[in-house]
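S.K.: no sequence on this one, just coordinates:
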Ligand code: IMP
């Protein structure tokens, strides 16, 4: 049975991965984040306690799990300790025995945050709408071969000289756009204290994970952001700067590709997007009120930034593309209950561009802004599915909707979430995922 599984969002993020990863985490020994940083926001509810995680894998709230922050991540040490301290206050153990940070992961420094702000201001109307956490600039430094990795930061001379060199360039940009230059000594002092505290957590996680896989230990690879925000495959340039798709789970951990034996896609019954960028099925103009209703019912506000999320109909065309890139073995469908009150539900099954049906997702963002979605309308069910735990208990039209989405995506749906609580879940017993969950009870 599958021992190494990646969980990936199929849309533009916020598909409800937190709940699903949390549900799975207790069945795995090791839970790993492999890309991104504290731009993510996962809400996890355990009993009457709720946790918001940005940087740490969801496994952290389960006793006895080892959590890994892989080499593909960018880590702001200050944000790490804010989160670790908050979790400790909530009774969660965040110790070097439980949490391992890759020695090859890159650090986010104060000038990355400043550059993120400057870059967004420079772009004006064309801005990406980033989380302003310094994610993009940290990945730019990584690709530009001037980044500071966690292990480098433990060597004071290396840390100082890289900060000095990088800050020279960063300050030039910051000042050119009217910002206040940052001070290298101050940054060095602040980072020295933080990285010294970080030291015991730093490990060769690549070796650790490959040995663990060889020993047959189970590993859950927890994706952050989502497929359509991937730096290569997403709606570029309105994307994050990391590889969010299943392939990124390999690059961002150093696990050999053959280790990955399952990919679970997380799909929400409708679509949302935070920040700027094309969104073909967005509820606008005549549908703005509907979008607002879904935002309220689905509590669609960013867990990291509190920003309201843009809401739209389910985009089966884009989700099919996500299934193709990631090779989903199964899909978990979330937030069915949010659509309970609608009398009709639209699903986008394809796009037209310049009057022609698109064969595949257009690569150019301007085209994605112009495409006309081809919609199919399904009847709603107008009754409550909140908390339903059996497929057979779903209203007929809700069942039809779920089956239609599954057909459209081309992957069997193994789990349906009918509310924020863990218990508010339907497991489709005769699905691959259902069987896997039973076997790993
Ligand atoms: P960045 O990752 O902060 O550089 O932001 C780039 C884009 O990704 C922006 O549109 C953000 O709103 C979006 N983004 C980043 N993290 C998340 C997330 O966890 N959920 C949804 N969108 C995100």
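M.R.: Noted; the coordinates are in hand. Just so you know, these numbers come straight off a predicted model, no measurement behind them.
S.K.: Let me know the pLDDT of residue 40.
M.R.: Looking at residue 40, its pLDDT reads 92.
S.K.: do residue 164 as well
M.R.: 98.
S.K.: So which other helices or strands are in contact with the lengthiest helix in the chain?
M.R.: Secondary structure of the chain per DSSP state H: the longest helix is helix 156-176. Using 3 or more CB pairs under 8 Å, 6 or more residues apart in numbering; DSSP states H and E, the elements in contact with helix 156-176 are helix 110-123, helix 150-153, helix 184-198. (C-beta placed from N, C-alpha, C; glycine too.)
S.K.: Which residues belonging to it are considered buried?
M.R.: 159, 160, 162, 163, 166, 167, 170, 171, 173, 174 (16 or more other CB atoms under 10 Å).
S.K.: Just checking: what are the partner strands of the least confident helix or strand in the chain by mean pLDDT?
M.R.: Within the chain, confidence by mean pLDDT, DSSP states H and E is lowest for strand 42-46 among all helices and strands, at a mean of 79. Sheet neighbours of strand 42-46, with direction, are listed as strand 49-53 (antiparallel) (DSSP bridges).
S.K.: Need the residues that contact the partner strand.
M.R.: Taking CB atoms under 8 Å, 6 or more residues apart in numbering as the criterion, the residues outside strand 49-53 that touch it are 18, 40-45, 60-61, 83, 87, 90, 92, 303.
S.K.: please redo it, this time with the cut-off set to 7 Å
M.R.: Residues external to strand 49-53 that are found in contact with it (CB atoms under 7 Å, 6 or more residues apart in numbering): 41, 42, 43, 44, 60, 61, 87, 90, 303.
S.K.: would you turn those residues into CSV with distance to the ligand and neighbour count?
M.R.: Formatted as CSV, the entries for the contacts of strand 49-53 read as follows, by distance: CB to the nearest ligand atom, whole Å; neighbours: other CB atoms under 10 Å:
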residue, distance to the ligand, neighbour count
41, 6, 20
42, 8, 24
43, 11, 18
44, 14, 21
60, 17, 24
61, 18, 24
87, 18, 18
90, 21, 12
303, 8, 15
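S.K.: If we only consider these, which is nearest to residue 407?
M.R.: Checking the contacts of strand 49-53 against residue 407 with CB to CB, the nearest one is residue 42 at 29.3 Å.
S.K.: Pull the number of nearby residues for whichever residue of the stretch 201-350 of the chain sits closest to the ligand.
M.R.: Across the stretch 201-350 of the chain, no residue is closer to the ligand than residue 275, which sits at 2.5 Å (CB to the nearest ligand atom). Residue 275 sits with 21 neighbouring residues when counted by other CB atoms under 10 Å.
S.K.: Give me the nearest residue to it, chain neighbours excluded.
M.R.: Spatially, and ignoring its direct neighbours in sequence, residue 275 is nearest to residue 129 (2.8 Å; CB to CB, 6 or more residues apart in numbering).
S.K.: just the helices in the stretch 301-441 of the chain please.
M.R.: If you assign secondary structure with DSSP state H, counting those that start in this stretch, the helices in the stretch 301-441 of the chain sit at 316-326, 365-370, 396-409, 432-439.
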